[in-house]
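Undergrad: This is a predicted model, with the sequence first.
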Amino acid sequence: LQKVKNDLEMVLSTVRSKNKQLGEDLTREQQWCEEQKQMLETLNKIEEEANTQVEHTSPRREFNELKNKILKLKTYKKELLSALGGFLDEHFSLPKTVENIKNKVRLCFVTSLNLILLVFQMLINTLMTTPHEPYVTINESFWPPYIELLLRCGIALRHPGDPNRMRLQAFHK
């Protein structure tokens, strides 16, 4: 009986120590679980705030980005047109009749464009508005040296079937 009693006391002591250890483990696991729940709640709140901010600021941000791009493109276009105009004035002067017309147009408009810029702009507009039919019909209003310049520089191409039509070279392909 004494031996059984000692064995049972040892088992009881082992069970109590094991029980105590399991209790400590349970307490630690519960604390960890609470911390994880708090972290999850915080992350969910942050995600909701971010989603609402993205929903509210996204269209405005996109609008502002597009507006900035348009302004940059407009200034770049003005720089290109003025540089091309300077080049044309320097190397390809207009005939006297066109000079008179140009001076009259200058009075009407704040900025004047050379005829080649108008032709070039017409080619670009035609390409952008009707990409399936980008050809422009060449008539008497186009000064032939400008047309030749565009063709020789590879900026424009003639229509294979009609020499009185031309289009802008497809640089994007």
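TA: Yep, it's here. Numbers count the residues shown, from 1 in each chain.
Undergrad: in this protein, which helix or strand is least confident?
TA: helix 96-108 (a mean of 56; mean pLDDT, DSSP states H and E).
Undergrad: Check which element follows it along the chain.
TA: Downstream of helix 96-108, the first helix or strand assigned by DSSP states H and E is helix 115-129.
Undergrad: average model confidence for that next one?
TA: For helix 115-129, mean pLDDT rounds to 80.
Undergrad: who are the neighbours of that helix, in terms of helices and strands?
TA: helix 2-91, strand 136-137, helix 144-152, strand 165-168 (3 or more C-beta pairs under 8 Å, 6 or more residues apart in numbering; DSSP states H and E). Heads up, the C-betas are built off the backbone N, CA and C, glycines and all.
Undergrad: so which of the ones you listed is the most packed in?
TA: Comparing these by mean neighbour count (mean count of other C-beta atoms under 10 Å), strand 165-168 ranks first with a mean of 19.
Undergrad: Please compute how far that one lies from its chain's middle.
TA: Centre-to-centre, strand 165-168 and its host chain are 29 Å apart (C-alpha atoms, centre = their mean, to the nearest Å).
Undergrad: For it, give me every contacting residue.
TA: With contacts defined as C-beta atoms under 8 Å, 6 or more residues apart in numbering, strand 165-168 is touched by 123-124, 126-127, 134-138, 147, 150-151, 155-159.
Undergrad: just the buried members of the residues you listed?
TA: 123, 126-127, 134-136, 138, 147, 150, 155-157 (16 or more other C-beta atoms under 10 Å).
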